[in-house]
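> based on what follows, work out the 3D shape:
(one chain, ligands or ions: 1)
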Amino acid sequence: MLPRGKSDALFAEALNHIPGGVNSPVRAFRAVGGAPFFVTSAKGAWITDVDGNRLLDYVGTWGPAILGHAYPGIIDAVKAAADRGTSFGIPNPGEVTLARRVKEWVPSIGKIRFCNSGTEACMSAIRLARGFTRRDKIIKFDGCYHGHADSLLVKAGSGALTFGNPDSAGVPADFAKHTLVLPFNDAEAIRAAFAAHGPEIAAVIVEGVPANAGLYLPRPGYYELITQLCRDAGSVFIFDEVMTGFRLAKGGAQERYSLTPDLSCFGKIIGAGLPVGAFGGRTDIMDCLAPLGPVYQAGTLSGNPLAMAAGLAALEALEATKAYERLEQLGLQLEAGMVEAARAAKIPVTWQRIGSMFCGYFTEGPVWNLADAMKSDRARFAKFFHGMLAEGIYLAPSQFEAGFISTAHTPEDIDATVRAAAKVLKTL
Ligand code: KE4
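Alright, predicted model coming up:
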C-alpha cells in the first residue's frame, strides 16, 4: 500500500468544500473503492502525488496528454502566450492558425468553432443540427457518452454508467423524449429507427470509437450504414471525436474508418490539456451559427489564446515526432504482454485496443456493445486496479473507461507494466 496520509487529509477537507470531494465524478474512485489521491505534478508518462508517490500514468488526464505531461514545446508555448495576457474576448491570431491547422488535418472540416469543453462541443453540434434540419429527434447509442448536456444524459456511458444509474436526475422528461437510445453495432435497430422516425431525426451522434464503457469498436460497415441512413433521411451525422480526434490518427477515427461526417466534435488533445472544445464540419451547416445564422452559440473564453497556443504546439509536436507510429508500437507491445499475462494467470480478460487506446474487460469476450461490457467482473477489476496502483501503475479508476498510452511511455515502461500485471493477476 502506497503512503497516502496527505492525500487522505486533502480528500477529507475536499469533502467539506466540493460535492464528493471532486470536480468530476469519475475521479472519486467510487467504481473501484477507496479514495482518490491528489497530484501535485506530472512529467512525461509519470505523475507525482502529494505523498511523493510516483505513478506511471495510463489515463493521461483522460486523453489530452498524448505527448506525456508537461511536454516542453507545449509548456513554452503556454508561457509565452501567458506573458501576452490570458484572455482578450477579442479575436486573436491563434484562433485562425489552429482553425487552419485542424482543417488541414481533418478534410471534413469546412469551418470550425472553438468552445471550452467536449460537452459544449457536442451540445452545440446537436443544437446546430436541430436548427439546420428544423427537426427535434436525435439518436445516440447506449454506453456512449458525449458530455453532460441534458439531452445527452440519457443512458450516458461515462460516470452515470459507473454509478449504475444510466439516467441523470434533473433532466426534464421533455428533453430526454427526443433522444432515441439504440444498442451500438445493431444494424437492424438503427434501420428500424430511421424507418420509424427518419423525417424527424435531426442527427445521429456517435463516438469515434465507444470508449466510455471501456472500449469497443464498430463492426465493419456499421459507421458506413449510419452515414448512408443519415444521408437518405437528410439527418446530420455527428462524429464525436473528443477522445479519438488527433489520437487515433492525424485525422482521428474518421481517417481510420475513411468517413466523412457532416459535423465532428473535438476536445482534449486540441487544447493539450487546457479547456478547449471545438465542433466543425460542412460549411452550409456551420454557417447557420450566429452571427451568420439563427443558431446561437457563444463563450467568453472560446478561442482562448493560451489554449490555442497549447493546441497548436501539440499538433505540431505530434506531426514532428511521428507520434502515431510510436503509439501503435507501444500499443501492440502492451496488448501482447497483457494478453499473455492473463493467459498465464488463467484469468478471463478481454483486451481491446485501437492505437493507443485500450481496455481490459474482466470477462470472456468479445465485447461489441454495452450489454457485452456489462458482463465484466467489476469487483475483480477493482482488485486489479488497486493491485496495480500498489505497484505504482495508475489505470483508469473504472472498468468502464479506456486507458491511454502517450509518446512519453517507453518500451521499458510497458515491460514493467506487464510484469506488474502478471504479478497482480495471480492474486485475483
Ligand atoms: P468534457 O466536457 O469532459 O471535456 O468532454 C465530454 C466528452 C465528450 N465526448 C466524449 C467521447 C468524451 O469521452 C467526453 C469526456 N470523456 C470523459 C472520460 N470518459 C471525461 C472524464 C470526466 O468526465 O471526468
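> give me the neighbour count for Pro107.
Residues contacting Pro107 under the criterion other CB atoms under 10 Å number 11. Quick note: C-beta positions are derived from backbone N, CA and C, even for glycine.
> so who does it touch?
Gly251, Thr260 (CB atoms under 8 Å, 6 or more residues apart in numbering).
> around the ligand, which positions in the stretch 301-428 of the chain sit nearby?
Glu401 (CB under 6 Å from any ligand atom).
> what pLDDT does whichever residue of the stretch 301-428 of the chain sits closest to the ligand get?
Using CB to the nearest ligand atom, the single residue of the stretch 301-428 of the chain nearest to the ligand is Glu401, 5.4 Å away. Per-residue pLDDT puts Glu401 at 98.
> burial measure for it, as a count.
25.
> that one is in what secondary structure piece?
Using DSSP states H and E, Glu401 maps to neither a helix nor a strand.
> got the phi/psi numbers for it?
phi -140, psi 160 (degrees, to the nearest 10).
> chain center to the helix ranked longest in the chain, what's the gap?
Longest helix in the chain by number of residues (criterion: DSSP state H): helix 323-345. Centroid displacement of helix 323-345 relative to its chain, using CA atoms, centre = their mean, to the nearest Å, is 20 Å.
> next one: stretch 130-149
Here stretch 130-149 is found 17 Å from its chain centre; the criterion is CA atoms, centre = their mean.
> re the thing from before, run through who's touching the longest helix of the chain.
66-67, 249-250, 317-318, 348-349, 351, 353, 355-358, 360, 405-407, 409, 411, 414-415, 417-418, 421-422, 425-426, 428.
> out of those, which end up buried?
Buried members of the contacts of helix 323-345, scored by 16 or more other CB atoms under 10 Å, are 66-67, 249-250, 317-318, 349, 351, 353, 355-358, 360, 405-407, 409, 414, 417-418, 421-422, 425, 428.
> stretch 173-192 vs the ligand: in contact?
No: for stretch 173-192, no contact with the ligand is found by CB under 6 Å from any ligand atom; the gap never falls below 12.9 Å.
> show residues contacting that stretch.
136-144, 150-155, 167, 193, 197, 201, 204, 206, 210, 216, 218-219, 221-222, 225-226, 229, 368-371.
> now it - C-alpha only, PDB.
Taking C-alpha atoms only, stretch 173-192 is exported to PDB below (Å, rounded to 0.1, in the frame of the first residue of the first chain):
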ATOM      1  CA  ALA A 173     -38.500  14.200 -19.500                       C
ATOM      2  CA  ASP A 174     -39.400  16.600 -22.300                       C
ATOM      3  CA  PHE A 175     -35.700  16.800 -23.200                       C
ATOM      4  CA  ALA A 176     -35.000  13.000 -22.900                       C
ATOM      5  CA  LYS A 177     -38.000  12.100 -25.000                       C
ATOM      6  CA  HIS A 178     -36.300  13.500 -28.100                       C
ATOM      7  CA  THR A 179     -33.300  11.300 -27.700                       C
ATOM      8  CA  LEU A 180     -33.600   7.800 -29.100                       C
ATOM      9  CA  VAL A 181     -31.100   5.500 -27.500                       C
ATOM     10  CA  LEU A 182     -30.100   2.500 -29.600                       C
ATOM     11  CA  PRO A 183     -27.900  -0.500 -29.000                       C
ATOM     12  CA  PHE A 184     -24.500   0.100 -30.600                       C
ATOM     13  CA  ASN A 185     -23.400  -2.200 -33.500                       C
ATOM     14  CA  ASP A 186     -27.100  -3.200 -34.100                       C
ATOM     15  CA  ALA A 187     -27.700  -2.500 -37.800                       C
ATOM     16  CA  GLU A 188     -31.400  -3.600 -37.600                       C
ATOM     17  CA  ALA A 189     -32.100  -1.300 -34.700                       C
ATOM     18  CA  ILE A 190     -30.900   1.800 -36.500                       C
ATOM     19  CA  ARG A 191     -32.500   0.800 -39.700                       C
ATOM     20  CA  ALA A 192     -35.800   0.400 -37.800                       C
END
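> buried ones in that stretch?
Ala176, His178, Thr179, Leu180, Val181, Leu182, Phe184, Asn185, Asp186, Ile190.
> looking at those residues, which are in strands?
Thr179, Leu180, Val181, Leu182 (DSSP state E).
> for the ligand, give me its nearest residue in the chain.
Gly118 (2.4 Å).
> any idea which of the ones in strands among the buried residues of stretch 173-192 is closest to Arg127?
Thr179 (13.3 Å; CB to CB).
> and the closest residue to that closest one other than its chain neighbours, how many residues sit next to it?
In this structure, Thr179 finds its nearest non-sequential neighbour in Val154, 4.5 Å apart by CB to CB, 6 or more residues apart in numbering. If you count neighbours by other CB under 10 Å, Val154 ends up with 21.
> check Ile285 too.
Ile285, neighbours per other CB under 10 Å, totals 23.
> and what of Leu98?
25.
> per-residue pLDDT, it?
pLDDT at Leu98 comes out at 98.
> contacts only, for it.
Here Leu98 is in contact with Phe114, Ile270, Met308, Gly311, Leu312, Leu315 (CB under 8 Å, 6+ apart).
> if anything else comes up later, I'll come back, but that's it for now.
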